[in-house]
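Trainee: Kindly generate the corresponding structure for this input.
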Amino acid sequence: MGWKEIRRLSGAVLAAAVLTACTGGASSTSTSRPFEPSPGHLQNREMRTKLYEGISEANILSACAGVLQDMGFSIEESETKLGVVIGEKISDASSKSEDLITIIVSLLTLSDDEPEPDYQKYWISVAVRPASAGNAENHHVSVTFQRIVWNTDDEIMKRETLVVPEIYQDFFNRLSKSVFLETQGI
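Mentor: Model (predicted):
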């Protein structure tokens, strides 16, 4: 990967992180000062981040990529030197499929007064960082789910960072199982 791609990927990750941090992961209607974290910011950050011990960065990144693929995401970007994996998937938004993400998000965020949704695109970004400089086997894993929903007129209805605890719990449950298998050499 060349410098141009690294700068582009770094810029995208930084922009997403700043946007998420500034909005607290949800649409902000507060009259607070610019760049002031929302009241739920700490809770959202804790929901999106988990510490994994006893696994190398390469192995945790591999486990994260496997979980994304198990959840139906295709890997769009991966940069091991930066500790970043980004996946995306498109799903039907007009009916309730068996996909956990679609069911939960559709039930919690779409209201009856909006135009008919047609399809949606999900992004998941995973960032892995060392927990401390002295231990290369402990890592924080942070994950963010985002989506865009289009209606039947192919117009964007909604753009949002998802703040649905069940989605994050599902991801981390899967990752914990994958990390266990990775550390056991299975």
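
Trainee: for the residue positioned nearest the centre of the chain, helix, strand, or coil?
Mentor: When C-alpha atoms, centre = their mean is applied to the chain, the residue found nearest the centroid is T144 (2.4 Å). When classified by DSSP: H, G, I helix; E, B strand; the rest coil, T144 comes out as strand.

Trainee: what helix or strand is the closest residue to it other than its chain neighbours on?
Mentor: Distance criterion C-beta to C-beta, 6 or more residues apart in numbering; nearest residue to T144, sequence neighbours excluded, is S125 at 5.0 Å. Placement of C-beta: from N, CA and C, glycine included. Using DSSP states H and E, S125 maps to strand 117-132.

Trainee: again with F172
Mentor: Per DSSP H and E: helix 165-184 holds F172.

Trainee: How about that helix, which residues are buried there?
Mentor: For helix 165-184, a neighbour-count test (16 or more other C-beta atoms under 10 Å) marks 167-168, 170-172, 174-175, 178-179, 182-183 as buried.

Trainee: closest to G40 among those?
Mentor: Of all those, G40 sits closest to Y168, with 13.6 Å by C-beta to C-beta.

Trainee: what sits against the closest residue to the closest one other than its chain neighbours?
Mentor: The shortest distance from Y168 to any non-neighbouring residue, by C-beta to C-beta, 6+ apart, is to M47 (5.1 Å). Shown in contact with M47 (C-beta atoms under 8 Å, 6 or more residues apart in numbering): 163, 165, 168.

Trainee: Then M47 would be within a helix, right?
Mentor: Yes. According to three-state DSSP, M47 belongs to a helix.

Trainee: Which elements pack onto the strand holding S125?
Mentor: Here strand 117-132 touches helix 3-23, helix 57-70, strand 84-92, helix 100-109, strand 135-151, going by 3 or more C-beta pairs under 8 Å, 6 or more residues apart in numbering; DSSP states H and E.
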